[in-house]
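Participant: This is a predicted model, with the sequence first.
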Amino acid sequence: EAQVTQNPRYLITVTGKKLTVTCSQNMNHEYMSWYRQDPGLGLRQIYYSMNVEVTDKGDVPEGYKVSRKEKRNFPLILESPSPNQTSLYFCASSLMGPNVEKLFFGSGTQLSVL
Amino acid sequence: ILNVEQSPQSLHVQEGDSTNFTCSFPSSNFYALHWYRWETAKSPEALFVMTLNGDEKKKGRISATLNTKEGYSYLYIKGSQPEDSATYLCAFLGSNDYKLSFGAGTTVTVRA
C-alpha cells in the first residue's frame, strides 16, 4: 500500500531531551516536507527536501533539523526540545513537488514537551 | 510568511444545502493552489491542485474555481452530506521556491 509512515504517533518528552520523529514513504517520491499544526494557525512548513541531500528551510525552521540521506526517509530532529515545540507534526511527500503534484500526508505525530 | 486567508473560519450547513467558501492568496508570483480535506483524527487528503487562471476542478459534489489575477479560489460543496463535515485547507505555492503556505482552514459542519 502506498503510504507515508510517521513514528511515533504520540510522544511526551521533557525540555532538552533530543528526539527524532521518523518519516518514510514507499512511493519513490522526490519531494518530502515537514509541517507543524497549532490551534488557529494553518499548517506551517518547517523544512522540505526536493531530493537526496537537498534540504531547504520552510517558514518555521528554528529549533529543528532534518536530513535526507535516502530518498524514502526524511527524519525530523529536535536537538533540544522546548515547550513551544509542543504541536501536531505532519510529514508529507509528493512525486515531483507541489508545483504539479498533490501532497500525501502521514498520520501525524502529537508531540508534548514538558 | 505568505498571507493565505480562508473565510469563513467555520460554517454550519443543513444536509442537502449547498455551500461555498473562499481562499485568498497573493496575486503575484503565483504557481499553484492546493485544496485539502482534513477530517478529525485523520490526515489531510488532497482534493485539487490548480495551476491555471480560470481553472475549474470537480470531484463528485465538490468543485473549485481559481482566479490568479485577483488572488482567490472558491470551493463549492453541492448538496452537502454529513460525511462532508471536515476542515478544508487551501495552500499557495509561489513561483520563487517550493514552500507551500497553508491557510488556517474552513471547518464545515453538516447537520442532518
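Facilitator: Received it, and whenever you're ready, just let me know what you need. Residues are numbered from 1 along each chain as shown, chains lettered A, B, ... in the order given.
Participant: Pull out the buried residues from stretch A:94-112.
Facilitator: Within stretch A:94-112, the residues scored as buried using 16 or more other C-beta atoms under 10 Å in any protein chain shown are A:94, A:97-99, A:101-106, A:108-109, A:111. For the C-beta atoms, the positions are set from N, CA and C on the backbone; glycine is no exception.
Participant: next one: stretch A:71-89
Facilitator: For stretch A:71-89, using 16+ other C-beta under 10 Å, the buried residues are A:72, A:74-76, A:78, A:81, A:85-87, A:89.
Participant: Any idea how far apart the tips of that stretch sit?
Facilitator: One end of stretch A:71-89 sits 20 Å from the other (C-alpha to C-alpha, to the nearest Å).
Participant: close to chain A, is the lowest-mean-pLDDT helix or strand in chain B?
Facilitator: Every helix and strand of chain B was ranked by mean pLDDT, DSSP states H and E. The lowest is strand B:100-102, at a mean of 92. Yes: Strand B:100-102 reaches chain A (C-beta under 8 Å from any C-beta of the partner chain) through B:100-102.
Participant: Excluding residues flanking it in the chain, which one is nearest the residue nearest the centre of chain A?
Facilitator: A centroid search over chain A (C-alpha atoms, centre = their mean) returns A:Trp34, at 2.9 Å, as the residue closest to the centre. Nearest residue to A:Trp34, sequence neighbours excluded (C-beta to C-beta, 6 or more residues apart in numbering or on different chains): A:Ile46, at 4.3 Å.
Participant: Just give me the neighbour total for the one you found.
Facilitator: 24 (other C-beta atoms under 10 Å in any protein chain shown).
Participant: now do the one 4 residues further on
Facilitator: By other C-beta under 10 Å, the residues close to A:Met50 number 17.
Participant: Verify the contact between it and A:Ser33 for me.
Facilitator: No: counting by C-beta atoms under 8 Å, A:Met50 sits too far from A:Ser33 to count as a contact (9.7 Å).
Participant: hey, what's in contact with both of those two?
Facilitator: Taking C-beta atoms under 8 Å, 6 or more residues apart in numbering or on different chains as the criterion, A:Met50 and A:Ser33 do not both touch any residue.
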